[in-house]
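A.B. asks: Could you look at this predicted model? Sequence included:
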Amino acid sequence: MNSLPLEGHSILFVGGKGGVGKSTTAASLAVHLADSGEQILLVSTDPAHSLGDLFGTSVGDRKREIIPGLHALEIDPGQEVERYLARVKSAMRHYVQPAMYSEIERQIELTRHSPGSEEAALMDRVTSLMEEGATSHDRIIFDTAPTGHTLRLLALPEIMAAWTTGLLRSRDRSASLGKAVDRLRGREKASGDELAWFDDVKEEATDERTQKIQEVLLERQRRFSRARRLLLDPDTTAFILVLIPEKLPILESEKTLKVLKQHKVPVAGMVVNRTLPNNQALGEFLESRRSQESEYLQQIEKAFPKLPRVQIPLLSRDVQGIDALREVAQYLLIDR
Amino acid sequence: MDWRERITRAGELLHEFYRGRHRGALARERRQEDDLFMLLVFSEMMGIENPSSYYTLELLPLLYEGFHEWHIRMGMDHSPLEHFRCC
């Protein structure tokens, strides 16, 4: 149980509490796999991006080659929101009379700043990258935001799929009631329409609109359920949990694992980061830390008995640049 | 019109009457369904938490024309949404 089983997994999520070394783990995994000849796309979903700092080069919202075989990008949810709002605006010009533009534009402006927007945009981008990455790269590795954020991101497709299903059902009921009304009306037309005053309900949407609403909702639902299918497929997706041997990260990892299980997200293993090197004399101070650490390591063993696990020792210098990431990668034993 | 025609005509009218009521009931039910749909889509603006408001924004251009009739029917003379002016 001292290697990570990642055979054939094309979507990897690297997650954990803030500051435990998620980005370092994700980046060295990416460098290592690219060095072994795979085409890797490394994506940061953390609003506080650090891939650029790790690689010592700027990484933006667009794919960039870092080393041969490794592309990286840092999602900027703000830009994603802008792209989406621009799409809605252009759709507006097809369906809305010019007199109404300004009201809809106001609504669009409000959405730009509403609290859920960036999260929703982030999920949009992650789902399209998951699909796109599957064709353009061998693997896509997500360097995720601290746990809570990521768990919500992973749960969102499920919530959203349920929501759109509800909306679609409502549209279906409306459409079939509409058909029934039309049938009755059809017969009456034939026999003269004396009692048309019973029709106190006007047609509210043209057929084209009704159909378009249906299409928009269906496309949404398709995307959510595709994302969900990919996310929950244990042959495709693997979540890698990073932690350090300290009390709070251990407790948080236990909670995370529970939630991941609850949502049926497949977890491949964990990386215990920054363990004290065990082949060196450390002096009294660090020896006392080491004895505490070994308690925590036992606790980890007990709390996650079934989970494959690798350890990365604390290094003499912090990890920066490709060579340092390669050095870290030798501790990440991977079955590919 | 002799009595035969009159009876036939009366029968037809009766028939129309009931069919018309039936049709009216179905049409009303459909309208209720559509009103509910509007409420689901616009709920966030009314302060009901809605996880999908970002995603349903793209429906707005398609629904906006029905918005006025909807809020009048809902018994609100003006747009209920502070920041969504209608009339």
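C.D. replies: That came through fine.
A.B. asks: Would you state the helices of chain B in chain order?
C.D. replies: Counting by DSSP state H, chain B has helices at residues B:3-42, B:53-56, B:60-73.
A.B. asks: Comparing the ones you listed, which stretch has the densest surroundings?
C.D. replies: The highest mean neighbour count among the helices of chain B, using mean count of other Cβ atoms under 10 Å in any protein chain shown, belongs to helix B:53-56: a mean of 22. C-beta coordinates here come from the backbone N, C-alpha and C atoms, glycine included.
A.B. asks: quick one: that one to chain centroid distance?
C.D. replies: Here helix B:53-56 is found 22 Å from its chain centre; the criterion is Cα atoms, centre = their mean, to the nearest Å.
A.B. asks: distance of the nearest residue to residue B:52 once chain neighbours are set aside from residue A:73?
C.D. replies: Among residues not flanking residue B:52 along the chain, residue A:163 sits closest, at 4.6 Å (Cβ to Cβ, 6 or more residues apart in numbering or on different chains). To residue A:73, residue A:163 is 29 Å away according to Cβ to Cβ, to the nearest Å.
A.B. asks: Next, count neighbours for residue A:277.
C.D. replies: The number of residues packed near residue A:277 is 12, by other Cβ atoms under 10 Å in any protein chain shown.
A.B. asks: for the one 3 residues further on, same thing?
C.D. replies: Look at residue A:280: counted by other Cβ under 10 Å, it has 10 neighbours.
A.B. asks: again, but for residue A:93
C.D. replies: 11.
A.B. asks: check contacts around it.
C.D. replies: residue A:101 (Cβ atoms under 8 Å, 6 or more residues apart in numbering or on different chains).
A.B. asks: ok, now how distant is the spatially most central residue of chain B from residue A:181?
C.D. replies: When Cα atoms, centre = their mean is applied to chain B, the residue found nearest the centroid is residue B:31 (2.9 Å). As judged by Cβ to Cβ, residue B:31 and residue A:181 stand 10 Å apart.
A.B. asks: Residue A:296 and residue A:81, how far apart?
C.D. replies: According to Cβ to Cβ, residue A:296 stands 41 Å off from residue A:81.
A.B. asks: Oh, that last question was meant for residue B:62, not what I typed.
C.D. replies: Residue B:62 sits at a distance of 20 Å from residue A:81 (criterion: Cβ to Cβ).
A.B. asks: what helices or strands is the helix or strand of chain B with the lowest mean pLDDT leaning on?
C.D. replies: Counting by mean pLDDT, DSSP states H and E, the weakest-scoring helix or strand in chain B turns out to be helix B:60-73, with a mean of 79. Counting by 3 or more Cβ pairs under 8 Å, 6 or more residues apart in numbering or on different chains; DSSP states H and E, the packing neighbours recorded for helix B:60-73 are helix A:77-95, helix A:101-113, helix A:207-232, helix B:3-42.
A.B. asks: got the contact list for residue A:159?
C.D. replies: Shown in contact with residue A:159 (Cβ under 8 Å, 6+ apart): residue B:51.
A.B. asks: and what of residue A:181?
C.D. replies: Residue A:181 sits next to B:23, B:26-27, B:30 when contact means Cβ under 8 Å, 6+ apart.
A.B. asks: hang on, it in a helix?
C.D. replies: Yes. The assignment for residue A:181 is a helix, going by DSSP: H, G, I helix; E, B strand; the rest coil.
A.B. asks: before we move on, the earlier item: which one's more surrounded, residue A:296 and residue A:81?
C.D. replies: Per other Cβ under 10 Å, whichever of residue A:296 and residue A:81 has more neighbours is residue A:81, with 21 against 18.
A.B. asks: Surely that one is in contact with residue A:119?
C.D. replies: No. Using Cβ atoms under 8 Å as the test, residue A:81 is too far from residue A:119 to be in contact (10.2 Å).
A.B. asks: so who does the nearest residue to residue A:226 once chain neighbours are set aside touch?
C.D. replies: For residue A:226, ignoring the flanking residues on the chain, the nearest one in space by Cβ to Cβ, 6+ apart is residue A:131 at 6.6 Å. Contact analysis of residue A:131 by Cβ under 8 Å, 6+ apart lists A:226-227, A:230.
A.B. asks: What of residue A:315?
C.D. replies: A:324, A:327-328.
A.B. asks: Look up how far residue B:43 lies from the residue nearest to the centre of chain B.
C.D. replies: In terms of Cβ to Cβ, residue B:31 sits 18 Å off from residue B:43.
A.B. asks: And residue B:58, by the same measure?
C.D. replies: 16 Å.
A.B. asks: When these two are compared, which one has more neighbours?
C.D. replies: For residue B:58 versus residue B:43, neighbours defined as other Cβ under 10 Å are more numerous around residue B:58 (19 against 15).
A.B. asks: mind putting the helices and strands packed on helix B:60-73 in TSV, mean pLDDT included?
C.D. replies: Formatted as TSV, the helices and strands packed on helix B:60-73 follow (pLDDT from 0 to 100):
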stretch	mean pLDDT
helix A:77-95	88
helix A:101-113	81
helix A:207-232	86
helix B:3-42	86
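A.B. asks: nearest to residue A:151, of these?
C.D. replies: Among the helices and strands packed on helix B:60-73, the nearest to residue A:151 by Cβ to Cβ is helix A:207-232 (12.0 Å).
A.B. asks: What segments of chain A are strands?
C.D. replies: For chain A, applying DSSP state E gives strands covering A:4-5, A:11-16, A:40-44, A:64-67, A:70-74, A:139-143, A:237-243, A:267-275, A:309-313, A:334-335.
A.B. asks: Mind telling me which of those the model trusts least?
C.D. replies: Ranked by mean pLDDT, the strands of chain A bottom out at strand A:334-335, which scores a mean of 82.
A.B. asks: before we move on, the earlier item: how about the helices of chain B in TSV, adding distance to residue A:301?
C.D. replies: Output for the helices of chain B, formatted as TSV (distance: least, Cβ to Cβ, whole Å):
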stretch	distance to residue A:301
helix B:3-42	49
helix B:53-56	43
helix B:60-73	54
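A.B. asks: Figure out which of the ones you listed is closest to residue A:287.
C.D. replies: The nearest among the helices of chain B, by Cβ to Cβ, is helix B:53-56 at 53.1 Å.
A.B. asks: mind listing what residue 2 touches?
C.D. replies: No chain specified, so I'll use chain A. Contacts of residue A:2 by Cβ under 8 Å, 6+ apart are A:308-311, A:333.
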